[in-house]
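*Asks:* give me a 3D structure for the following:
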Amino acid sequence: MIHDGYTYELEMKVRDYECDIQGIVNNSCYQNYLEHARHEFLIANNVSFAGLHNRGIDAVVARVEMAFKTPLKPGDSFIVKLKVQKDGPKYVFHQAIFRKSDMKLSLKGKVDTVVLIDGKLAASLPDFDALLV
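*Replies:* Numbers count the residues shown, from 1 in each chain. Predicted structure coming up:
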């Protein structure tokens with residue numbers, strides 16, 4: 001297990017084209033970072049989105065909350081950490097982004113996802129339940 005209660009982490013690096021005129025990462029890019037980390041987390045745990053979809057199962061984002069703390073800049077390496085918990089029919093991904101150079105918190109996020117089976121809301125999915133904290 002990774003410290004701070006998180007169960008997975010992924011290191012990434014800011015690309016120049018992700019920054020706005022202010023010289024910091026554009027706010028919309030942070031959601032891409034969070035999503036990429038969730039996808040890599042699932043792959044690392046042998047869960048395939050394509051495989052799920054082929055079985056009529058789709059995990060979809062229902063809500064995203066992001067609190068911006070310290071901006072990232074071109075060339076910054078950063079670490080996205082996450083843990084997942086169950087809340088009723090939702091799988092809640094608690095995520096945080098830390099600037100690698102000083103481990104300063106850049107963003108704290110919460111992403112609520114739900115699972116649809118053949119287009120209908122599912123209460124649970126064994127593939128995801130195995131990933132819970």
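*Asks:* list the buried residues of the longest strand seen in the chain.
*Replies:* Using DSSP state E, we find that the single longest strand of the chain is strand 104-117. Of all the residues in strand 104-117, those buried under the rule 16 or more other C-beta atoms under 10 Å are Ser106, Leu107, Gly109, Lys110, Val111, Asp112, Thr113, Val114, Val115. In this view, the C-beta of every residue, glycine as well, is placed from N, C-alpha and C.
*Asks:* paired strands for it, with orientation please.
*Replies:* Strand 104-117 has its sheet partners listed here by DSSP bridges as strand 57-68 (antiparallel), strand 90-99 (antiparallel), strand 120-122 (antiparallel).
*Asks:* any idea how far stretch 4-21 is from the chain center?
*Replies:* On the basis of C-alpha atoms, centre = their mean, to the nearest Å, stretch 4-21 sits 11 Å off its chain's mean C-alpha point.
*Asks:* can you check stretch 22-30 too?
*Replies:* Remark: stretch 22-30 is offset 17 Å from the chain centroid, using C-alpha atoms, centre = their mean.
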